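A.B. asks: Any chance you could fold what I've pasted below:
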Amino acid sequence: MTRPSRTTTSGRAYLDLQARARQEGRPADELRTLYVLLRRGRTPNDPFDMYAY
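C.D. replies: This next block holds a predicted model:
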């Protein structure tokens, strides 16, 4: 499997979640699940979305 790249939105999100999980000492799967659940209600023009569509 190729390492995700920061050149894509999904790659940045994945790598940022991995780094945050390491910093907080939490499982990366837990943060990925939270990320998906929180993103479900977002719209493409959400001003609080750091990974805009």
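A.B. asks: Next, the buried residues of stretch 2-17.
C.D. replies: Neighbour-count burial for stretch 2-17, counted by 16 or more other CB atoms under 10 Å, picks out Ala13, Tyr14, Leu17. (Each C-beta comes from the backbone N, C-alpha and C, glycine too.)
A.B. asks: Please produce JSON lines containing the residues you listed, extended by pLDDT.
C.D. replies: Listed next are those as JSON lines, based on pLDDT from 0 to 100:
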{"residue": "Ala13", "pLDDT": "85"}
{"residue": "Tyr14", "pLDDT": "88"}
{"residue": "Leu17", "pLDDT": "90"}
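A.B. asks: any idea which residue sits dead centre in this protein?
C.D. replies: Here the mean C-alpha position of the chain is nearest to the C-alpha of Ala13 (CA atoms, centre = their mean), at a distance of 3.3 Å.
A.B. asks: Leu15 touches Arg6, doesn't it?
C.D. replies: Yes: Leu15 sits in contact with Arg6 when judged by CB atoms under 8 Å, with a separation of 6.2 Å.
A.B. asks: Can you show me the CA trace of the longest helix belonging to the chain as CSV?
C.D. replies: Determined from DSSP state H, the single longest helix within the chain is helix 9-24. What follows is helix 9-24 as a C-alpha-only set of coordinates in CSV (Å, rounded to 0.1, in the frame of the first residue of the first chain):
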residue,chain,number,x,y,z
THR,A,9,-7.7,16.5,0.6
SER,A,10,-8.2,12.9,1.7
GLY,A,11,-4.5,12.3,2.2
ARG,A,12,-4.2,15.5,4.3
ALA,A,13,-7.2,14.4,6.4
TYR,A,14,-5.8,10.9,6.9
LEU,A,15,-2.3,12.0,7.9
ASP,A,16,-3.6,14.8,10.2
LEU,A,17,-5.9,12.3,12.0
GLN,A,18,-2.9,9.9,12.3
ALA,A,19,-0.7,12.6,13.8
ARG,A,20,-3.5,13.8,16.2
ALA,A,21,-4.1,10.2,17.4
ARG,A,22,-0.4,9.8,18.2
GLN,A,23,-0.3,13.2,20.0
GLU,A,24,-3.4,12.3,22.1
